[in-house]
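Chemist: no letters, just coordinates:
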């Protein structure tokens, strides 16, 4: 479980501590982080995913005995603050969007996903206060519900992609 102790790591990231070691969260430029993100997505889901255009990524690293290991990432896009109302699609640019949230299996249920989501939410809300949307895989629905998201409409079958994303659930978090 992650403790509440957070400190600067000297490289612009924030450190938090797991029972095994410290965890550092760092936002990194898209062009330099693509290979890491692709490998993490493969490690977690068995499929390779890329960072969509105009999305930002926050990575989580565990440092144990001086060695840093990538353990998670969240990929998100902030809402277009110039828009005054949403269009008719679920993925309208009016909303903040979470595209991917990956946490390696050994680090799930230890607060890493929550910390990644919290950091992304703070970043998105610093731009504009808008609802946050995600199209969640079935096995992540319970996590997002614990984080305050609710299902919007019925799940739908994805026409392409891996088995993990065969059924997607539109979810939304209203922010106040």
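Modeler: Received it, and whenever you're ready, just let me know what you need. This is a predicted model, so every value here is computed, not measured.

Chemist: contacts, neighbours, all on C-alpha from now
Modeler: Fine.

Chemist: same for the longest helix along the chain, what does it pack against?
Modeler: Secondary structure of the chain per DSSP state H: the longest helix is helix 30-45. Packing partners of helix 30-45 (3 or more CA pairs under 8 Å, 6 or more residues apart in numbering; DSSP states H and E): strand 67-77, strand 96-103.

Chemist: residues of the longest one that come out buried?
Modeler: I take that to be strand 67-77. 70-77 (16 or more other CA atoms under 10 Å).

Chemist: what is the nearest of those residues to residue 140?
Modeler: residue 74 (13.3 Å; CA to CA).

Chemist: neighbours of the closest residue to residue 87 other than its chain neighbours, how many?
Modeler: Leaving aside its chain neighbours, residue 87 sits nearest to residue 94 (7.6 Å; criterion: CA to CA, 6 or more residues apart in numbering). The local packing of residue 94 (other CA atoms under 10 Å) involves 21 other residues.

Chemist: residue 94 in helix, strand or coil?
Modeler: Following DSSP: H, G, I helix; E, B strand; the rest coil, we place residue 94 in the coil state.

Chemist: what's the distance between residue 157 and residue 48?
Modeler: 20 Å (CA to CA, to the nearest Å).

Chemist: which of those two has more neighbours?
Modeler: Neighbours were tallied for residue 157 and for residue 48 using other CA under 10 Å; the higher tally belongs to residue 48 (14 against 11).

Chemist: okay, the residue of the chain positioned farthest from its centre: pLDDT?
Modeler: In terms of distance from the mean C-alpha position of the chain, residue 65 ranks first, at 26.7 Å (CA atoms, centre = their mean). pLDDT, residue 65: 86.

Chemist: could you pull out the helices in the protein for me?
Modeler: 30-45, 112-125, 141-146.

Chemist: show me the residue at the heart of the protein, geometrically.
Modeler: The C-alpha lying nearest the average C-alpha coordinate of the chain belongs to residue 74 (CA atoms, centre = their mean; 2.6 Å).

Chemist: thought it was touching residue 55?
Modeler: No. Counting by CA atoms under 8 Å, residue 74 does not reach residue 55; the two are 9.9 Å apart.

Chemist: which residues touch residue 176?
Modeler: Going by CA atoms under 8 Å, 6 or more residues apart in numbering, residue 176 touches residue 129.

Chemist: just for this structure, where's the confidence low?
Modeler: 1-21, 158-166 (pLDDT under 70).

Chemist: same thing but 90
Modeler: Within the chain, the stretches with pLDDT under 90 are 1-22, 28-32, 45-47, 63-66, 85-92, 137-139, 153-169, 175-176.
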